[in-house]
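J.: sequence unknown, structure follows:
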């Protein structure tokens, strides 16, 4: 049920719904997969990194890595030859659209569902089913990270057309590199986010870093487009 919901949501958000429906749709999907895990799979919130008492620990760990990432962004943007890597035609928007993307679309439309699903619900559900095998937690996290990578196939489909990173490649090869690279990169990032969630025992940690990565990254992409 959770996997079917996520597959359907991925197709809907990337191929069907209008931009205005992106946030309410994804918030609804996050609520649905959480409800299924709690109601049908009898998983307590603690098992999914949703315990209130662990939020401070998650915020501390997430804040440390978010600060380091912000510093890396600033350094990368300050160097002229790496500044071009921030350029993305999708960030060529007005101030209003920029602010909506940074403060609403990313944290509520993108990060919330992805962290709830791939660092909260799915690892806990996989772990319950892998208890009798060796290294069940590692395998649960690997499965979730793999699905997180596959989740980015559609979002990466046209990346070669909007990012200068792929300018030297033919369109078909550029698309292949963008999709495969996107799956592998986001899968690896998913494992790191899982480590953060496990380390702090809270979804707050990966949520903070994920939001910083996407929102601040989009801000610098916007600055590169309008530099």
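T.: Thanks, I have it. Keep in mind the model is a prediction, meaning the values are calculated, not measured.
J.: Now do the helices in the chain.
T.: 2-15, 22-39, 55-78, 80-83, 95-100, 112-115, 122-129, 136-151, 171-200, 204-211, 217-225 (DSSP state H).
J.: Measure how the longest one sits relative to helix 55-78, angle-wise.
T.: Here helix 171-200 points in a direction 140 degrees away from that of helix 55-78 (axes from the mean of the first three to the mean of the last three CA atoms, to 10 degrees).
J.: For helix 171-200, name the packing helices and strands.
T.: Under the contact criterion of 3 or more CB pairs under 8 Å, 6 or more residues apart in numbering; DSSP states H and E, helix 171-200 touches helix 55-78, helix 136-151, helix 204-211. Heads up, the C-betas are built off the backbone N, CA and C, glycines and all.
J.: between the shortest one and helix 55-78, how big is the angle?
T.: Think helix 204-211. Going by the same axes, to 10 degrees, helix 204-211 is angled at 20 degrees with respect to helix 55-78.
J.: got a list of contacts for helix 204-211?
T.: By CB atoms under 8 Å, 6 or more residues apart in numbering, the surrounding residues in contact with helix 204-211 are 54-55, 57-59, 61-63, 65-66, 69, 106-107, 111-112, 114-115, 119, 193-194, 196-197, 199.
J.: So for residue 49, which of the helices of the chain sits nearest?
T.: Closest approach to residue 49 among the helices of the chain is made by helix 171-200 (5.0 Å; CB to CB).
J.: most tightly surrounded among the helices and strands packed on helix 171-200?
T.: Comparing these by mean neighbour count (mean count of other CB atoms under 10 Å), helix 204-211 ranks first with a mean of 26.
J.: quick one: the residue of the chain positioned farthest from its centre and residue 139, what's the gap?
T.: Here the centre of the chain is the reference, and by CA atoms, centre = their mean the most remote residue is residue 132, at 29.8 Å. The spacing between residue 132 and residue 139, counted by CB to CB, to the nearest Å, is 11 Å.
J.: got the contact list for residue 57?
T.: By CB under 8 Å, 6+ apart, the neighbours of residue 57 are 200-202, 204-205.
J.: So, low pLDDT: which residues of the protein?
T.: For the chain, the stretches with pLDDT under 70 are 160-170.
J.: If we use 80, what do you get?
T.: Low-confidence segments of the chain (pLDDT under 80): 158-175, 227.
J.: and the nearest residue to residue 117 once chain neighbours are set aside, how many neighbours does it have?
T.: Using CB to CB, 6 or more residues apart in numbering and skipping the chain neighbours, the partner closest in space to residue 117 is residue 33 (5.4 Å). Neighbour count for residue 33, taken as other CB atoms under 10 Å: 23.
J.: and residue 33, how far is that from residue 188?
T.: Distance from residue 33 to residue 188, by CB to CB: 23 Å.
J.: Residue 54 too?
T.: For residue 54, the distance to residue 188 (CB to CB) stands at 25 Å.
J.: Could you do residue 47 as well?
T.: To residue 188, residue 47 is 24 Å away according to CB to CB.
J.: Between these two, which is the more surrounded one?
T.: Ranked by neighbour count (other CB under 10 Å), residue 47 and residue 188 place residue 47 first, with 19 against 13.
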